[in-house]
Structure formats: structure tokens, C-alpha cells
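>>> Predicted model follows, preceded by the sequence.
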Amino acid sequence: MAARTPVLDKTDLFGTLPPELLEQLRGRTALARYRRGDTIFEKDDPATHLYVVFSGRIAIVARASDDRESVLTVLGPGALFGEMSMFDGGIRSANARALTTAHLIAVEFDDVRDVLVRRPEVLWAVVRILARRLRATDEALADAMFLDVTGRTAKRLLELSDGESDFRMPLTQEELAGMVGASRERVNKAIALFVKLEWLEISGRSRYRILNREELEIRTTV
Ligand code: CMP
């Protein structure tokens, strides 16, 4: 599928490659389709591929031994995941699950290693991706310490909206609660408050409309 090149081209990792190398790499990728709820891989699985999201949404999920879950991040088209185990021992650090029907481009670690040997400057992009992720993790830790559930819920809703006023909530109530790091009841209460204040409108099961982004943003600051 020729359209795969533009997606690879937009990722931080492969975006800087010269066209012929990108084309060569594209020839070695596979496109896999997942349905909503499908597991892509689980924590501690041995790993051989990284993935680029071609379409749909993917959740990276940490799971406790009692099966409680925390959604670490939600990824959309162009995002890259499953690369960490290429660098540190070949074992997955978290679960990955399709939140919607999703198409993923799978790239074998060996092919990525070949690219890195031939174009070592691409490692800058790897470092950038990991530094960004560490920043996001630091921020989530600080949020857990300094923001209340209402503030964390507002923050996650704004992130999931991806800058759009109208958006479809890709997570179940349980998953959203896991991402906020609070019980479903407390997160629902926060959402009900935003609806009452007319900062947010919800129709059907998953259609969300942000009516007052500014107020929601103020609620995310300490
Ligand atoms: P890997 O360890 O191969 O498999 C799980 C993937 O989830 C990991 O690579 C990263 O791509 C991704 N991942 C793990 N932790 C986080 C996080 N905190 N934020 C975003 N992505 C993550």
C-alpha cells in the first residue's frame, strides 16, 4: 500500500530519512488490522516489531496484578509505539490494545537497526521521542500529586479532544477512570459537574463537545 509511506514519513523516527531509504523500509513493513478491544501485545511478551499507527486509536495500558488498569496514553495516526523493547532487552513494558478498528504498520526491529546503523543521526529522533515521553510521565506524576480528580479529569478530556471541539470519546468510563487515576464514580462526578457548568456537552454514549475550553484549561492548573 503506497499510502503507507506518507504515514511513516510523518513519524519523528522515520520522518528524516531520505526518500529512497524510506521507500526501502516501506517495502519491508506489514499492515495489520485490529478490531476494537483486540490486544496487540501484553506486558512481558517477547518483542520483535515496533508499530506505527496508520488509522484508529491505540491505548498503552499498565495492569496491576488484581487486573486494575491504568491507560498510560492514547495514540492516534502517525504515532509510534513498541520501540522501547528494541533498546532494552526485547520484553514489552506495557500492554497495547486497539480502542477502535485500527490499522498498524509493523516494522521489524532488525530493519530499524539497519536504518540506525546506516543513518546514526536518526538516533536523535529516538532520544527526542524518549525525552518527550519522560516529560509526559513526569507531568502525569506531578498531576497525581498536585491536581485533584476534577483537575485531572479536565486535563485528560482536553488531551483526548486533540484540540477539537467535537470529539468521540475513545475510552470506556472505566478506562478513562484508569487514565485519570481515580474511581469511576469520582470521574463521572467531575464530568457531571462540567456538564452542569455548561463547559461540556455529551450526546449519545461517546459524542463530546467542549463548550468552554478556557474554563476547563483553568481547572487544569494548580
Ligand atoms: P515496548 O516496551 O516495546 O512495549 C510497550 C510500549 O508502550 C513501549 O515500548 C512504548 O512504546 C509504549 N509506552 C510504554 N510506556 C509508555 C508511556 N508512559 N507513555 C507512552 N508510551 C509508553
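Received, thanks. It should be emphasised that the depicted structure is a prediction, and the values quoted were computed from it without experimental measurement.

>>> Could you pull out the buried residues of the stretch of helix or strand residue 192 belongs to?
When elements are assigned from DSSP states H and E, residue 192 belongs to helix 184-196. Of the residues in helix 184-196, those buried under the neighbour-count criterion (16 or more other Cβ atoms under 10 Å) are 186, 187, 190, 191, 194. The C-beta positions use only the backbone N, C-alpha and C, and glycine is treated the same way.

>>> for these, which one is nearest residue 49?
Compare each of the buried residues of helix 184-196 with residue 49 using Cβ to Cβ and the shortest gap goes to residue 187, at 33.8 Å.

>>> isn't the closest one right next to residue 176, touching?
Yes: in this structure, residue 187 is within contact of residue 176 by Cβ atoms under 8 Å, at 5.9 Å.

>>> what's the overlap in contacts for the two?
residue 153 (Cβ atoms under 8 Å, 6 or more residues apart in numbering).

>>> Buried residues in the longest helix seen in the chain, which are they?
Secondary structure of the chain read by DSSP state H shows that its longest helix is helix 123-146. Residues of helix 123-146 classed as buried: 125, 126, 129, 140, 143 (neighbour count, 16+ other Cβ under 10 Å).

>>> Following the chain onward from the lowest-mean-pLDDT helix or strand in the chain, which element is next?
The helix or strand with the lowest mean pLDDT-type score in the chain, counting by mean pLDDT, DSSP states H and E, is helix 4-9 (a mean of 73). Note on helix 4-9: by DSSP H and E, the next helix or strand toward the C-terminus is helix 19-26.

>>> and the protein, which of its residues are near the ligand?
Residues of the chain lying close to the ligand (Cβ under 6 Å from any ligand atom) are 47, 60, 72-73, 81-85, 92-94, 96, 133, 137.
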